[in-house]
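Peer 1: here is a sequence with its predicted model. Questions after.
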Amino acid sequence: MKLALVAIHLEPSPRALPLGPAMLAAALHAALPGKAQATVLDAYVDEDVQACADRVLAQDPQMVGLSMYVWNRGQCLALAERLKAMRPDLVILAGGAEATADLAGVQAHPAIDLVLPGEGELLLVEVVKALLAGANPADLVAGMTPMPVKDLATVPSPFLDGTLDPGPYGGALWELSRGCPFTCDFCFESRGTAGVRRIPLARAEAELDLFRDRGIREVFVLDPTFNYHRAQAKDVLRLIARKAPDLHWFFEVRSEFLDREMAELFAQVRCTLQIGLQSAHDAVLRQISRTFDPGDFEAKILLLHQAGVAYGFDLIYGLPGDSLAGFMDSVDFAMGMVPNHLDIFRLSVLPGTRLAETAEGLGLAHQAEHPYSVTGSGAFPADDLATAERIAHACDALYNHGKAVTWLDLLLGPLEMRPSEVFLHFADHLEAAQVDLLGAQRAFFQGLFAQRDQSLLGDLASDLIAYFGTTAALMDGEGEAFEVAFHHDPRVLIAQVEGGMTDLEELVFHVAPDPCVARLMLEDGELVVDRIR
């Protein structure tokens, strides 16, 4: 039997790796050698449905499996409809988080023959065995219950068996465990198998060797809480430090499981940590089965800061019990710890979650279909959600894409503004700005200082933004050299800053105005600044 297993990604990127379908293909090849032949295909949400269907049918499959998530449900169902129209005899399966969470809804679609809920390796093998024995898909619907893999050592690695070559992708998704020990109401992860199961360290080491040998640049660790088991997390970090410290690693961690030794181990590898703060209010988080100790959180983040580890936070607006004012307080709390990035999302009431069951009682109105976004609540009405969305967009532009981590804190003090206020004002500026992002940042902060009759401070702020923003662009490979206009000689200004003078009101007395144009470039990895006129 020939199967085509399709992964529909958001866009081409090192993260757009079809790991789930490849895991299924590897399991089939191991369990049914010579009887089942699975091909893994990549597709994208903006791809023409007909073109995608033609690529799938070019494999001449008897069965097609679709990996369905929140972001690609519509595309999966459209593809299923097109395939059925072209090949009515084709058996079409759906699996993945979205199909599992809304099993009845997906199964009811006329183009879907069978939904495989939960982990798919064992279940797909049983389905293929039944179909090979002459069963019809309709006969199997009633028996489709999850079959979690109890021992992950028994599941073949698609990397090690040759099913999936990560080399052409430039990145890899790395699964080290399954399951989540937490029960956050907004998340579906904890409604799978209770407890956490882990991939054997020996297999992880072999996969790590393969990543290194295939020239992978980035690895995204899929564990929802990588550091839940401290000892095992530290073993993996030591392994990475020994074998592949120069790859860029991405981990999701919880602050409460951090300690000084772990922070120092993270510092030994090139990595970025993502930490789910969600809200800085314990009363809000308790309504979604989480708790929060701000003192402990700050202390644990300080360990990362002291070790020089890059970290970012997640925040959610629209949570039950929260308000616009409370959300803005959370933004300010997060920014007070100077994260490398701050990702802000509107709450989604996902099918199958406890929040979907309790939303009505909590007064949460939300969309019935993807992306299931909250549209209002008693304390967080629609207008306030729209304001929060503008803050989120401005934060992403000014702080994340604008690479403001190195300089924003220097400007907030003399402006006497909260970060959330700055983001809200920048949202207005973005709507009117017709310039590049760096130019928008410079003009925006000059305008804020001018409103306070502090134009000299505004010129300093503009130059700091230009210097650090251009330097970041060079480091990120966005150009070989840039010519930038400054109000002061940037060499003099930065010498003062690097000497410890970071107060704008002091700098204005030590750095005289000296308009010029400077060329910034990298030579042998070192920044060179030449004044050219």
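Peer 2: Cool, the structure landed.
Peer 1: can you pull the domain assignment for the protein?
Peer 2: 2-143, 165-399, 425-531 (automatic domain parsing).
Peer 1: gap between the two ends of the longest one?
Peer 2: Taking CA to CA, to the nearest Å as the measure, domain 165-399 stretches 35 Å from start to finish.
Peer 1: shouldn't residue 42 be in contact with residue 19?
Peer 2: No - judged on CB atoms under 8 Å, residue 42 makes no contact with residue 19 at a distance of 11.4 Å. In short, each C-beta sits where N, CA and C put it, glycine included.
Peer 1: between these two, which one's more packed in?
Peer 2: Remark: of residue 42 and residue 19, residue 19 carries more neighbours, 21 against 17, as counted by other CB atoms under 10 Å.
Peer 1: check contacts around the residue lying closest to the more buried one once chain neighbours are set aside.
Peer 2: In space, and not counting its chain neighbours, residue 19 is closest to residue 173: 4.4 Å by CB to CB, 6 or more residues apart in numbering. Residue 173 sits next to 15, 17, 19, 219, 220, 222 when contact means CB atoms under 8 Å, 6 or more residues apart in numbering.
Peer 1: ditto for residue 41
Peer 2: 4, 5, 6, 7, 18, 21, 55, 56, 59.
Peer 1: now these: which count as buried?
Peer 2: In the contacts of residue 41, burial by neighbour count holds for 4, 5, 6, 7, 18, 21, 56, 59, counting by 16 or more other CB atoms under 10 Å.
Peer 1: filter these down to the ones in helices?
Peer 2: Among the buried ones among the contacts of residue 41, the members found in helices (DSSP state H) are 21, 56.
Peer 1: now for residue 42 and residue 19: what residues contact both?
Peer 2: Here residue 42 and residue 19 have no joint contacts, going by CB under 8 Å, 6+ apart.
Peer 1: re the thing from before, widest-spaced pair of the contacts of residue 173?
Peer 2: 19 and 219 (11.6 Å; CB to CB).
Peer 1: sec struct for residue 295, please.
Peer 2: helix (DSSP: H, G, I helix; E, B strand; the rest coil).
Peer 1: OK, contacts around it?
Peer 2: No contacts exist for residue 295 under CB under 8 Å, 6+ apart.
Peer 1: and it, how close does it get to residue 326?
Peer 2: 19 Å (CB to CB, to the nearest Å).
Peer 1: what distance separates stretch 88-104 from the centre of its chain?
Peer 2: Distance of stretch 88-104 from the chain centroid (CA atoms, centre = their mean, to the nearest Å) equals 25 Å.
Peer 1: oops, could you answer that again for stretch 62-70 instead?
Peer 2: Here stretch 62-70 is found 22 Å from its chain centre; the criterion is CA atoms, centre = their mean.
Peer 1: which outside residues touch it?
Peer 2: 1-8, 18, 20-21, 24, 56, 76, 79-80, 83, 89-99, 106, 116, 124, 128, 131, 348, 350, 370-372.
Peer 1: now these: which count as buried?
Peer 2: 1, 3-8, 18, 20-21, 24, 56, 76, 79-80, 83, 90-99, 106, 116, 124, 128, 131, 348, 350, 370, 372.
Peer 1: low-scoring stretches of the stretch 101-250 of the chain, by residue?
Peer 2: For the stretch 101-250 of the chain, the stretches with pLDDT under 70 are 190-194.
Peer 1: where do the strands of it begin and end?
Peer 2: Using DSSP state E, counting those that start in this stretch, the strands of the stretch 101-250 of the chain run over residues 114-116, 171-174, 177-178, 197-198, 218-221, 248-253.
Peer 1: partners of the second one, with directions?
Peer 2: When sheet partners are counted by DSSP bridges, strand 171-174 sits next to strand 218-221 (parallel).
Peer 1: buried sites along stretch 507-516?
Peer 2: 507, 508, 511.
Peer 1: switch those over to JSON lines; also include distance to residue 195.
Peer 2: Output for the buried residues of stretch 507-516, formatted as JSON lines (distance: CB to CB, whole Å):
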{"residue": "507", "distance to residue 195": "55"}
{"residue": "508", "distance to residue 195": "59"}
{"residue": "511", "distance to residue 195": "59"}
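Peer 1: export those residues as TSV, with columns for secondary structure and distance to residue 280.
Peer 2: Listed next are the buried residues of stretch 507-516 as TSV, based on DSSP: H, G, I helix; E, B strand; the rest coil; distance: CB to CB, whole Å:
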residue	secondary structure	distance to residue 280
507	helix	32
508	helix	34
511	coil	36
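Peer 1: and of those, the nearest to residue 517?
Peer 2: Closest to residue 517 out of the buried residues of stretch 507-516 is residue 511 (17.1 Å), distances taken as CB to CB.
Peer 1: so what's the closest one up against?
Peer 2: 460, 488, 489, 492, 493, 496.
Peer 1: any chance of these in a markdown table, with pLDDT too?
Peer 2: Shown next, in a markdown table, are the contacts of residue 511 (pLDDT from 0 to 100):
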| residue | pLDDT |
| --- | --- |
| 460 | 96 |
| 488 | 96 |
| 489 | 96 |
| 492 | 96 |
| 493 | 95 |
| 496 | 95 |
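Peer 1: show me those that map onto helices.
Peer 2: The helices in this structure, assigned by DSSP H, contain 460, 492, 493, 496 from the contacts of residue 511.
Peer 1: which of those sit farthest apart?
Peer 2: 460 and 492 (11.4 Å).
Peer 1: picking that back up, may I ask which of the ones in helices among the contacts of residue 511 has the most neighbours?
Peer 2: Busiest of the ones in helices among the contacts of residue 511 [other CB under 10 Å] is residue 460, holding 27 neighbours.
Peer 1: identify the residues contacting that residue.
Peer 2: 487, 488, 493, 504, 507, 508, 511 are the contacts of residue 460 under CB under 8 Å, 6+ apart.
Peer 1: since we're on residue 256, how many residues are nearby?
Peer 2: Residues within reach of residue 256, counting by other CB under 10 Å, total 14.
Peer 1: again with the one 10 residues further on
Peer 2: In terms of burial, residue 266 registers 30 neighbours under the definition other CB under 10 Å.
Peer 1: quick check: it touching residue 305?
Peer 2: No - shown here, residue 266 and residue 305 do not form a contact pair, counting by CB under 8 Å, at 11.6 Å.
Peer 1: give the residues shared as contacts by these two.
Peer 2: Between them, residue 266 and residue 305 share no contacting residue, judged by CB under 8 Å, 6+ apart.
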